[in-house]
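**Student:** coords please:
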Amino acid sequence: MAQIIPIRDLKDTNAISAKCHETDEPIFVTKNGYGDMVIMSMKVYEEKLDNARILSDLAVAENDIRYGKVRNAFDVLKDTREKYGI
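**Tutor:** Numbers count the residues shown, from 1 in each chain. You can find the predicted model right below:
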């Protein structure tokens, strides 16, 4: 479950760091009762970036399929074998 903390709690950096590494969820920081920023461990951040890249690549692939920008795998293998004499 996401954690929400007030900005004043950022003074205790060791505790915040520990919280970030205890969970795979971001920590939402509020200022004057409103959302201000989000913090998370670098591991979680990199995992989220990797997932976003994968989803983006899948969207591109789905569009290629939708618009017929694909080739049959057997044809590609045949062409590759002919090209490289395999």
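**Student:** hey, let's count contacts and neighbours off CA atoms from now on
**Tutor:** Noted.
**Student:** Please report phi then psi for residue 29.
**Tutor:** Main-chain dihedrals, residue 29, degrees, to the nearest 10: phi -110, psi 130.
**Student:** what sits opposite it in the beta ladder?
**Tutor:** residue 5, residue 37 (DSSP bridges).
**Student:** could you show me where the strands are in this protein, in order?
**Tutor:** 3-6, 27-31, 34-39 (DSSP state E).
**Student:** Make TSV from those and add mean pLDDT and distance to residue 73 to it.
**Tutor:** Listed next are the strands of the chain as TSV, based on pLDDT from 0 to 100; distance: least, CA to CA, whole Å:
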stretch	mean pLDDT	distance to residue 73
strand 3-6	95	47
strand 27-31	97	45
strand 34-39	97	44
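**Student:** Give me whichever of these is most buried.
**Tutor:** Per residue and on average, the most neighbours among the strands of the chain fall to strand 27-31, with a mean of 17 (mean count of other CA atoms under 10 Å).
**Student:** quick one on the thing from earlier: redo the strands of the chain as TSV? Include distance to residue 46.
**Tutor:** Output for the strands of the chain, formatted as TSV (distance: least, CA to CA, whole Å):
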stretch	distance to residue 46
strand 3-6	19
strand 27-31	15
strand 34-39	13
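**Student:** Nearest to residue 65 among the ones you listed would be which one?
**Tutor:** Among the strands of the chain, the nearest to residue 65 by CA to CA is strand 34-39 (36.4 Å).
**Student:** Go ahead and name everything in contact with that closest one.
**Tutor:** Strand 34-39 is contacted from outside by 20, 26, 27, 28, 29, 30, using CA atoms under 8 Å, 6 or more residues apart in numbering.
**Student:** Tell me the gap between that strand and the middle of its chain.
**Tutor:** 19 Å (CA atoms, centre = their mean, to the nearest Å).
**Student:** Could you shift the numbering so residue one becomes 491, and keep it that way?
**Tutor:** Will do, 491 is the new start, and the previous item becomes strand 524-529.
**Student:** what angle sits between it and strand 517-521?
**Tutor:** Put simply, strand 524-529 runs at 140 degrees to strand 517-521, going by axes from the mean of the first three to the mean of the last three CA atoms, to 10 degrees.
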